[in-house]
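Colleague: model this:
(one chain, ligands or ions: 1)
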Amino acid sequence: MDEKIAEKIEALPKVELHRHLEGCVTAEMLLEIAREHDLKLPTTDLEELRSYVQVQGKATDLKAFLNKFYWLGKAFPDLATVERISYEVVRECARDNIRYVELRFSPTFMTMEKHHQWGDLILHLLKGARRAEDEFDIAAGFIVGVSRTHSLKSAMRAVAVAAEYAGLGIVGLDLVGDEAEYPPEMFASVFRTARDSGLNLTVHAGEEGEVSNVRVAIEQLGADRIGHGIQVVNDPGLMDFVREKKVPLEIALTSNVQTRVVPSLAEHPVRALSDFGIRISLNTDDPAISATSLTREYLLAMEAFGYTLEDIKGFILDALEQAFVEEYRKNRLRARLREELSRVV
Ligand SMILES: [Zn+2]
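Modeller: Here you go, the predicted structure:
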């Protein structure tokens, strides 16, 4: 790929919808936090630490990929650190010229080591993000993740706290974690409650699990968007259904290769899905774990699937339409994006 195109892609104003805050914590950040708070890590050597928190090559499977989160759970020893991480993560997004980002986080995961109140956790996440928004050219919203592996009671708590802070920076709810053992139907009533309280919904489904999970996520959980959802390519009836319903799939190329839900990048179904007329967005998922950026994901999409600069611009504009941001902010962002995108030719 020639350098000029890489520069152009970097310069593009971007929109990202599927990015886990915890998966944005780099080995550098973790090491610094561990030093300041006297936390025990498996090593104090930065390069060695990377092998614990970053995928090198491919993980053996999705579970091995998720294991990279283990040490990242140590990164939130107090609320000041939560705020600082939020600030730094949004700042890094701004440096990749992301103009609007939705960061998702799991309150159960972030409070596993230290039992912060979830409301306090959210307030500090929002504070850090607002500070970055003031300093850099970016807007950020947060999606509360319901962890599949925790109790239904904790899932309901997540809905309640998301609803409480909706409008203050929380823009939606997500279902995360082991899709195979905890299929979406287990959370149908939880998501019904969430829908009734007006929350926007996205659900990790059809990543490695049964393709039918995507249908259940849409029909029973009321998902507005699907995290990954790439397995639908194996079910023509479901392809029709997803296209008709206009439910967008949040695609993350590098992540899908690293978790081995696709055998190789070339075999990723993104092109088949988008050519069929299914709405997609391009995302990083866990940029620190995967050592990627949104610029890099756009470039990979162009290189591997022949998308043009105009195609990428189209994905960016449609990602904004799919975003959970309030309508008046969306209108402002749309006008800006259009103007900025037209300058990159
Ligand atoms: Zn994800």
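
Colleague: what's the one helix or strand Phe109 maps to packed up against?
Modeller: Of the helices and strands defined by DSSP states H and E, Phe109 is found in helix 107-110. With contacts defined as 3 or more C-beta pairs under 8 Å, 6 or more residues apart in numbering; DSSP states H and E, the secondary structure elements packing on helix 107-110 are helix 118-135, strand 139-147, helix 152-164. The way it works is simple: take the backbone N, C-alpha and C, and place the C-beta from them, glycine included.

Colleague: output stretch 248-267 as PDB, restricted to C-alpha atoms.
Modeller: Written as PDB, here are the backbone C-alpha positions of stretch 248-267 (Å, rounded to 0.1, in the frame of the first residue of the first chain):
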ATOM      1  CA  PRO A 248     -25.600  -3.100  11.300                       C
ATOM      2  CA  LEU A 249     -22.700  -5.400  12.100                       C
ATOM      3  CA  GLU A 250     -19.800  -4.000  14.000                       C
ATOM      4  CA  ILE A 251     -16.800  -5.600  12.200                       C
ATOM      5  CA  ALA A 252     -13.300  -6.000  13.700                       C
ATOM      6  CA  LEU A 253     -11.000  -7.600  11.200                       C
ATOM      7  CA  THR A 254      -7.800  -8.000  13.200                       C
ATOM      8  CA  SER A 255      -9.700  -9.200  16.300                       C
ATOM      9  CA  ASN A 256     -11.500 -11.900  14.200                       C
ATOM     10  CA  VAL A 257      -8.200 -13.200  12.800                       C
ATOM     11  CA  GLN A 258      -6.500 -13.200  16.200                       C
ATOM     12  CA  THR A 259      -9.400 -15.000  17.900                       C
ATOM     13  CA  ARG A 260      -9.400 -17.400  15.000                       C
ATOM     14  CA  VAL A 261     -13.100 -17.000  14.300                       C
ATOM     15  CA  VAL A 262     -11.900 -16.700  10.700                       C
ATOM     16  CA  PRO A 263      -8.900 -18.800   9.500                       C
ATOM     17  CA  SER A 264      -7.200 -15.800   7.800                       C
ATOM     18  CA  LEU A 265      -7.800 -12.200   6.900                       C
ATOM     19  CA  ALA A 266      -8.400 -13.100   3.300                       C
ATOM     20  CA  GLU A 267     -11.200 -15.500   4.400                       C
END
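
Colleague: list the buried residues of that stretch.
Modeller: Within stretch 248-267, the residues scored as buried using 16 or more other C-beta atoms under 10 Å are 248-262, 265.

Colleague: cool, and stretch 122-139?
Modeller: The neighbour-count criterion (16+ other C-beta under 10 Å) identifies 122-133, 136, 138-139 as the buried residues of stretch 122-139.

Colleague: for the stretch 201-345 of the chain, which segments count as strands?
Modeller: Ranges of strands within the stretch 201-345 of the chain are 225-228, 249-251, 280-282, based on DSSP state E, counting those that start in this stretch.

Colleague: contact partners of the longest one?
Modeller: So that's strand 225-228. Outside strand 225-228, the residues that touch it by C-beta atoms under 8 Å, 6 or more residues apart in numbering are 17-18, 174, 176, 201-207, 214, 217-218, 242, 247-252, 256, 261, 322.

Colleague: so what strands line up beside that strand?
Modeller: Using DSSP bridges, the strands paired with strand 225-228 in its sheet are strand 200-205 (parallel), strand 249-251 (parallel).

Colleague: what mean pLDDT does the last one get?
Modeller: Spelled out, that is strand 249-251. What strand 249-251 shows for mean pLDDT is 98.

Colleague: how far is it from where the chain is centred?
Modeller: For strand 249-251, the separation from the chain centroid amounts to 10 Å (computed by C-alpha atoms, centre = their mean, to the nearest Å).
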